[in-house]
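1. next comes the sequence, and after it the predicted model I'd like to discuss.
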Amino acid sequence: MLRILNIRLSRVAVLSQLMRVPLPPLVTPRVLGVDDFALYGGTYGTLLVDATTRLPLTLWEGRDAEQLGCWLRQHPGVEVACRDGSLTYRQGITAGAPEAVQVSDRFHLWQGLSRRVQDIASTHRSCLPAALPAISAVDPPPVEEATASAAADSRAGRHAQHLFEAVQALIRTGRSHSSVARELGLDRRTAAQYARARTWQEVVRRPPRKPSTLDPYLGYLRQRWDEGQHSAKILHEELQTKGYLGHYQRVKMAVAPLRRGLPIDEPREGPPSPREAARWITTDPHRRNPHINERLPRLLDHCPELKLTHDLVRRFATMLDNHDAAPLPGWLSELAGSGLAPLAGLAGALHEDRHAVVQGIMTPYNSGVNEGRITDVKLQKRIMAGRSGVSLLRHRVA
């Protein structure tokens, strides 16, 4: 813009003039929002927001209790302070504004509980396959045999079989995996994979195919194939009339096994991950899809620990929905006596901060405004390519 206006000033001079512009007068808010944000690397900053006007007040580098307490003493009048579960900000507000009501944010409360649920699901990972439907004992096995024979006839299958025999022959002589890898020109992990395998089919076994948008139409594809329609193009056009929005190539790949006399490659569902299981448990029952409603009861019936976790999570969700903190003391006692280490640790942290937790459950105040303003701060940092100091960032934000 300086070049367009033909003004001979450097960028440094312009920034110097901008930094001389005084900040607007700061009015102490009745409801204060406090949160931290990442400045760069492992350095964090603190942002203060007026939760009533939804406008940022100031920011500084660091997130220690002394800075916050000093600012609150210099600006008396804060009646409500919204924050996350940070011990640092709790201590700072207590020191600088002891009469202010502290509110622990509802979102952060739920987020902390969800993380503990995932930790429990990770501990009981062996129980997660129980969520899958039971496999019928009368299912015919020829499909797997036909697939294995087809793989043996392929170029990749013959290559895997040759490597498997070569690696196994060297392993039987007492050679190490590294020595075998150097001998055959393989990566050590590849050599170890072939050495641990019992058959060459284990090495080329494909991972379970993930579900796709074509899965609801696989039955129709089998039916039309049996009726004599073997053109992938025509089959794709027929599926489009039934609502399929996918590409022709997906249909062509789906019917390729049928041309070789093999069944359609249906998705083989794997057990849920700990993260998925935690999401199943924390999702509102009315918002769960039929897939979850079918599998979650099987998982909970199989694992008493996850069932107990589910019951405790739903009870806390009821407290949040009803804005009723009366059951909180009993709920914390059950959390501490659950015998589950992640929940017991959470119970201790919530008990220490119980007054702010009660306010977070009962009052409408939250840290949503803080999170929105932190997004604005990060946007300003990116606009300036991350080269701005805290003072310039304060001018841009405030």
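-> On my side now, so go ahead.
2. and Pro272, what does it touch?
-> Leu128, Ala131, Trp280, Arg295, Leu299 (C-beta atoms under 8 Å, 6 or more residues apart in numbering). For every residue, glycine as well, the C-beta is placed using N, CA and C.
3. which one (most neighbours) among these?
-> Neighbour counts for the contacts of Pro272 (other C-beta atoms under 10 Å) peak at Leu299, which has 25 neighbours.
4. any idea how far that one lies from Gly45?
-> 42 Å (C-beta to C-beta, to the nearest Å).
5. adding secondary structure, write the contacts of Pro272 out as a markdown table.
-> Shown next, in a markdown table, are those (DSSP: H, G, I helix; E, B strand; the rest coil):
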| residue | secondary structure |
| --- | --- |
| Leu128 | helix |
| Ala131 | helix |
| Trp280 | helix |
| Arg295 | helix |
| Leu299 | helix |
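6. which single one of the residues you listed is nearest to Ile171?
-> Leu128 (33.3 Å; C-beta to C-beta).
7. once you drop chain neighbours, what's closest to that closest one?
-> Spatial nearest neighbour of Leu128, excluding adjacent residues (C-beta to C-beta, 6 or more residues apart in numbering): Pro271 at 4.4 Å.
8. count of residues packed around the one you found?
-> Quick note: Pro271 (other C-beta under 10 Å) scores 16 neighbours.
9. now do the one 5 residues further on
-> Here the neighbour count serves as a burial measure; for Glu276 (other C-beta under 10 Å) it reads 16.
10. how about it, secondary structure?
-> Assignment for Glu276 (three-state DSSP): helix.
11. would you mind measuring from His302 to Arg125?
-> The gap separating His302 from Arg125 is 13 Å, by C-beta to C-beta.
12. ah, wrong one, I meant Ala336
-> Counting by C-beta to C-beta, the gap between Ala336 and Arg125 amounts to 24 Å.
13. so for these two, which residue has more residues nearby?
-> Ala336 (17 against 13).
14. my read: the more buried one touches Ala347, true?
-> Yes: between Ala336 and Ala347 a contact is recorded at 4.1 Å, counting by C-beta atoms under 8 Å.
15. next, count neighbours for Ile383.
-> Neighbours around Ile383, by other C-beta under 10 Å: 10.
16. any stretches of the stretch 51-200 of the chain with poor pLDDT?
-> 134-154 (pLDDT under 70).
17. would you map the strands across it?
-> Secondary structure of the stretch 51-200 of the chain, counting by DSSP state E, counting those that start in this stretch: strands at 55-61, 80-83, 101-104.
18. can you redo these as TSV with distance to Ile171 and mean neighbour count?
-> Output for the strands of the stretch 51-200 of the chain, formatted as TSV (distance: least, C-beta to C-beta, whole Å; neighbours: other C-beta atoms under 10 Å):
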stretch	distance to Ile171	mean neighbour count
strand 55-61	58	18
strand 80-83	60	25
strand 101-104	58	22
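19. can I get the ones you listed in TSV including distance to Asp215?
-> Formatted as TSV, the strands of the stretch 51-200 of the chain follow (distance: least, C-beta to C-beta, whole Å):
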stretch	distance to Asp215
strand 55-61	48
strand 80-83	46
strand 101-104	44
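20. is it true that Thr213 touches Val251?
-> No: using C-beta under 8 Å, Thr213 is not in contact with Val251; the gap is 10.9 Å.
21. higher neighbour count, these two?
-> Shown here are Thr213 and Val251; by other C-beta under 10 Å, Val251 has more neighbours (23 against 12).
22. what's near enough to touch the nearest residue in space to that one that is not next to it in sequence?
-> Spatial nearest neighbour of Val251, excluding adjacent residues (C-beta to C-beta, 6+ apart): His236 at 4.3 Å. Residues near His236 by C-beta under 8 Å, 6+ apart: Tyr244, Tyr248, Val251, Lys252.
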